[in-house]
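Trainee: Generate coordinates for the sequence data below:
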Amino acid sequence: MNNLMIERMVELSNRVGFLFIATADGNGMPHMASARRAEYMAGGLFAVTEWFCPGTVANLRENPRLSIVVWDSTSDTGYQLIGESERIEEVAMLDGFEAGRIETTPVPQIERRLIVRGREVFEFRQRPHSDTPVR
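Mentor: Numbers count the residues shown, from 1 in each chain. Below you'll find the predicted structure:
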């Protein structure tokens, strides 16, 4: 695994302010999520912290494999990482009460930190690019 590429991916995600996470349940049903914060940890590990919806968490507990995409549309540069969730940590919790809230759909109540092990990193661009891992 190219740890330098993971560091660059994390730096880019922090610069553009988001990344996308694709997961799938045990039957292969896909699910997309986004996150705003990533942090490089060393040794092919990094952390992604967000108020993930229950579908993302359930998928990762059943199937730890994931794909993460970070892309800067202005420069058309980005990365796709293939990896797996090593563990899920609970960081903060809400009590569900929000004065004046009218919405009836539930919102995530637990902020979680995904510890991810990168396996391969690919270039991600809108223009033609290769699916060969970046070394």
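
Trainee: Isn't Asn63 up against Gly26?
Mentor: Yes: the pair Asn63 and Gly26 qualifies as a contact (Cβ atoms under 8 Å) at a distance of 5.5 Å. No exception for glycine: its C-beta is placed from N, CA and C like everyone else's.

Trainee: The lengthiest helix in the chain: which residues count as buried?
Mentor: In the chain, ranked by residue count with DSSP state H as the criterion, the top helix is helix 3-16. For helix 3-16, the neighbour count (16 or more other Cβ atoms under 10 Å) marks Met5, Ile6, Arg8, Met9, Val10, Leu12, Ser13, Asn14, Val16 as buried.

Trainee: As CSV, the residues you listed with pLDDT and distance to Glu86 would be great.
Mentor: Below are the buried residues of helix 3-16 laid out as CSV (pLDDT from 0 to 100; distance: Cβ to Cβ, whole Å):
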residue, pLDDT, distance to Glu86
Met5, 88, 18
Ile6, 90, 13
Arg8, 92, 20
Met9, 92, 17
Val10, 93, 16
Leu12, 96, 22
Ser13, 95, 18
Asn14, 94, 20
Val16, 96, 24
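
Trainee: Show me the residue at the heart of the chain, geometrically.
Mentor: Geometric centre of the chain, nearest residue: Ile21, 3.9 Å, by Cα atoms, centre = their mean.

Trainee: My guess is that one contacts Leu66. True?
Mentor: Yes: using Cβ under 8 Å, Ile21 is in contact with Leu66, at 5.9 Å.

Trainee: Please name every helix or strand in contact with the strand ranked longest in the chain.
Mentor: In the chain, with assignment by DSSP state E, the single longest strand is strand 77-93. Using 3 or more Cβ pairs under 8 Å, 6 or more residues apart in numbering; DSSP states H and E as the contact test, the elements touching strand 77-93 are helix 3-16, helix 54-62, strand 65-72, strand 110-123.

Trainee: Please repeat the previous calculation with a cut-off of 10 Å.
Mentor: Applying 3 or more Cβ pairs under 10 Å, 6 or more residues apart in numbering; DSSP states H and E, we find strand 77-93 packed against helix 3-16, strand 19-24, strand 45-50, helix 54-62, strand 65-72, strand 110-123.
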